[in-house]
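In: I would like the atomic coordinates for the input below:
(one chain, ligands or ions: 1)
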Amino acid sequence: MDDSDASEMILNLIKERHAIRDYITNRPVSDDLLYKIIEAGGYAPSAENQQPWRIIIVRDRAKQRRIGEIAVNRTIELFGRITPRQELERRLEYVAALPSRERTIDWLITGRRFEYIKGDPETDGAPILIALVVEATHVGNSQPTLRGTGGVYGWSSLRHSIIAGSMLMQNCWLAATALGLGACVSSVQLDHFDDVREISELLGIPHPHWVPIMFLAIGYPKHPRLRGPPRQLPEEITYVDTWGQNWQPKKKPAK
Ligand SMILES: Cc1cc2nc3c(=O)[nH]c(=O)nc-3n(C[C@H](O)[C@H](O)[C@H](O)COP(=O)(O)O)c2cc1C
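Out: The predicted model follows:
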């Protein structure tokens, strides 16, 4: 394989990663695959290479069930009462450009977005659930010159940890995809402070110094998922020099 094949493969892998929400529950994921996924995660960058993260593999079914229950309840609370019109408006609000709006409307009204949600919602059913826990009170404050600036000027600690942790999760998700597994990040279980506390207690996390910020469900997908929800195009989301000044690329890659 030459270099251009390898880069094409990597770019395709990025585009082919989808949120998988339905798994073959009784097909276990071996520890060596899980090891590769977590190892890939750990290659993510972090501020000062502080690696402000821990992962908890949640295999215990009772714990998985409770976390799944919280997810379902919060999802119903957040989205269950919304009318189709409200949902359409909410989802279109952030899609600025017309062609992408059209694609998104099409995706919503044809019901294609539901084609992959055929089983239990959220994390239920995945043989493995990993929790990503990040350090909330240290990163960015470690050097004498920087010490305290996070607290004085802003929010470097938690922000750095969340940025780095997100990169770790994306690495894990891509690695899982490359290994033929399905995965899905979910964070609805951690939207509410009460849930963060309950889940921290359930998993023994020394909260609030360490905070669980998201989960990754991993397993073999029950159904192949060939397409994800539509994306806005680079020129629709990119400005040049000034907010609102759209980028007009002189050359685009051949499809
Ligand atoms: C920060 C974050 C939180 C998410 N939370 C949830 C969640 O709680 N439940 C869920 O089913 N999917 C969740 N997702 C997955 C997104 O819904 C999904 O990635 C998005 O719709 C795009 O679809 P795709 O990943 O298939 O391309 C989350 C993704 C991110 C990055």
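
In: Would you mind naming what in the stretch 101-250 of the chain lies close to the ligand?
Out: Within the stretch 101-250 of the chain, the positions near the ligand by Cβ under 6 Å from any ligand atom are 122, 184-188, 228-229. Every C-beta, even on glycine, is put in place using the N, C-alpha and C of the backbone.

In: for the lengthiest strand in the chain, what is the average pLDDT?
Out: If you go by DSSP state E, the chain has its longest strand at strand 210-219. Taken as a whole, strand 210-219 has a mean pLDDT of 95.

In: Tell me the one of the residues of the stretch 101-250 of the chain next to the ligand nearest residue 173?
Out: residue 185 (6.6 Å; Cβ to Cβ).

In: Can you get me a residue count around the closest one?
Out: By the criterion of other Cβ atoms under 10 Å, residue 185 has 15 neighbours.

In: Bridged to residue 221, which residues?
Out: When bridges are called by DSSP bridges, residue 221 pairs up with residue 23.

In: now the strands: where do they sit in the stretch 1-150 of the chain?
Out: 53-58, 128-135 (DSSP state E, counting those that start in this stretch).

In: number of nearby residues for residue 251?
Out: For residue 251, using other Cβ under 10 Å, the count is 5.

In: Single out the most deeply packed of the strands of the stretch 1-150 of the chain.
Out: strand 128-135 (a mean of 23; mean count of other Cβ atoms under 10 Å).

In: So which elements touch that strand?
Out: Packed against strand 128-135, as judged by 3 or more Cβ pairs under 8 Å, 6 or more residues apart in numbering; DSSP states H and E, are the following elements: strand 53-58, helix 156-178, helix 193-203, strand 210-219.

In: could you dump it to CSV, C-alpha only?
Out: Taking Å, rounded to 0.1, in the frame of the first residue of the first chain, the C-alpha atoms of strand 128-135 are listed here in CSV:
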residue,chain,number,x,y,z
ILE,A,128,-19.0,-2.8,27.1
LEU,A,129,-19.5,0.6,28.4
ILE,A,130,-16.5,2.7,29.2
ALA,A,131,-16.7,5.9,31.3
LEU,A,132,-14.2,8.7,30.6
VAL,A,133,-13.2,10.5,33.8
VAL,A,134,-11.1,13.6,33.6
GLU,A,135,-9.2,15.6,36.2
